[in-house]
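Undergrad: got a sequence here, can you build the structure:
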Amino acid sequence: MVKDYRICTKCIMDTSDPDIWFDHKGVCSHCDKYETVIQGKSYLRKKEPGALESFVDKIKKKGKGNAYDCVIGVSGGVDSTYTAYVTKKLGLRPLAVHLDNGWDSELAVRNIEKALKTLGIDLYTYVIDWEEFRDLQLSFLRASTPDSEIPTDHAILAVLYMVAARENIRSILSGHNTATEGGGVAAWSQGHGDWRYIKSIQKQFGTRPLKSFPHYGPFRFVYYTLLKQIQWIQILDYIDYDKKNALQTLQDDLCWKYYGAKHFESIYTRFFQGYILPRKFGYDKKRMHLSSLIWSGQMSREAALEELEKKDYPVDLQEQDKEFVIKKLEISQEEFEQIMALPPKNFWDYPSYKKIFHKYEWFMSLYHHLQRK
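TA: Now for the predicted structure:
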């Protein structure tokens, strides 16, 4: 049954999320969830006086004797670059890690180079096997799910853990944060850490085995988090992270340049989120990004609605990206249109670890506890 259209009276989330619900005041479930998170003990502890200094001291002690005391992922985007900036300001010794999946824009590459050179941070770049990755990306497109960025997200996590374990580093500092990424829509994307899900899609739609693709399953995850004691830390939650101020700081101090919209530093991400998702699946991820800014008090609802209407992905650039993506994936225009015409599916249409472990709430609770600190 199709829901009547409705939009939240507090943020700008709407019924493009099929699982959304509203209270008697018209406030949505995402607003309710955000309030639960920021009022939770774990989040409030991070905001206590001295919490940041105490945590930094722990990271330094864990890294004593090593060349680096933490690992940070860098993409050339706002959050990851500001994480690098904050990390150095806190006196930490980070090793920056970048996953080259073949889709970096020239601007993203320049942003990474300029920022790390200015900050004096060493960089390790993992270059993914392109032919293998191309086949996997096509598999996800043919699977017709709205989460074709999962292979990249999974590989990034796998490489960060791999490098941390290899270098005997026990802290991974993430740019993910509650202020600008305070929510998520399961129907839009899930399964980032689910290797069985990725394998099942490749097995059904791919043409080659995944021999070198960086990955981790449940047992490898337990090895990293329990045996190697590697901790995943959302360091930006420990500070008052304001996106507008962060942008200005990066531009002033690091000669960093903005790329137009959230996650548009990657050509594929820009095309997938700005072209494929709205046309095929009928939603715009900007809704969640802007709603997060409303929740954190960085934007008014009225300003968010105005921002939502802005055309930050010009039609001529869309067509340019479309031509580039089709050529790089080595498919025809006809095959691309066939992919766009496939009936939409979702995460639950394919095998996954989550389907198995969903029955065991204790395991899922442990998994989420280990994954986020």
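
Undergrad: list the buried residues in the helix or strand harbouring residue 164.
TA: Using DSSP states H and E, residue 164 maps to helix 150-166. Buried positions in helix 150-166, judged by neighbour count with 16 or more other CB atoms under 10 Å: 150-152, 154-165. The C-beta positions use only the backbone N, C-alpha and C, and glycine is treated the same way.

Undergrad: then stretch 306-317?
TA: So stretch 306-317, judged by 16+ other CB under 10 Å, has buried residues 307, 313, 317.

Undergrad: where's the dip in pLDDT among the residues you listed?
TA: Among the buried residues of stretch 306-317, residue 313 carries the weakest pLDDT, at 90.

Undergrad: only C-alpha atoms, please: export the helix or strand following the helix holding residue 164 in CSV.
TA: As assigned by DSSP H and E, the chain's next helix or strand after helix 150-166 is strand 171-174. Extracted C-alpha coordinates of strand 171-174, given in CSV (Å, rounded to 0.1, in the frame of the first residue of the first chain):
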residue,chain,number,x,y,z
SER,A,171,42.7,3.7,17.2
ILE,A,172,40.9,4.5,14.0
LEU,A,173,39.5,8.1,14.0
SER,A,174,36.5,8.4,11.8
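
Undergrad: residues in contact with residue 190?
TA: Residues near residue 190 by CB atoms under 8 Å, 6 or more residues apart in numbering: 147, 184, 347, 354.

Undergrad: the residue nearest to the second one when sequence neighbours are not counted: how many residues sit nearby?
TA: This means residue 184. The shortest distance from residue 184 to any non-neighbouring residue, by CB to CB, 6 or more residues apart in numbering, is to residue 288 (7.0 Å). Residue crowding around residue 288 was assessed by other CB atoms under 10 Å; the count is 22.

Undergrad: ok, now which ones touch residue 288?
TA: 13, 30, 183-185, 188.

Undergrad: by pLDDT, give me the weakest of those.
TA: Scanning these for pLDDT, the low point is residue 183. It has 81.

Undergrad: ok so, going back, tell me which of the buried residues of helix 150-166 is nearest to residue 202?
TA: Distance to residue 202, by CB to CB, is smallest for residue 151 among the buried residues of helix 150-166, at 8.8 Å.

Undergrad: and the nearest residue to that closest one once chain neighbours are set aside, how close does it get to residue 125?
TA: Spatial nearest neighbour of residue 151, chain neighbours left out: residue 136 (5.0 Å); criterion: CB to CB, 6+ apart. According to CB to CB, to the nearest Å, residue 136 and residue 125 sit 19 Å apart.

Undergrad: between these two, tell me which one has more neighbours.
TA: Remark: of residue 136 and residue 125, residue 136 carries more neighbours, 27 against 12, as counted by other CB under 10 Å.

Undergrad: now that one, what's its secondary structure?
TA: State at residue 136, reduced to three classes by DSSP: H, G, I helix; E, B strand; the rest coil: helix.

Undergrad: verify the stated contact: it with residue 202.
TA: Yes. If you go by CB atoms under 8 Å, residue 136 and residue 202 touch, sitting 5.7 Å apart.
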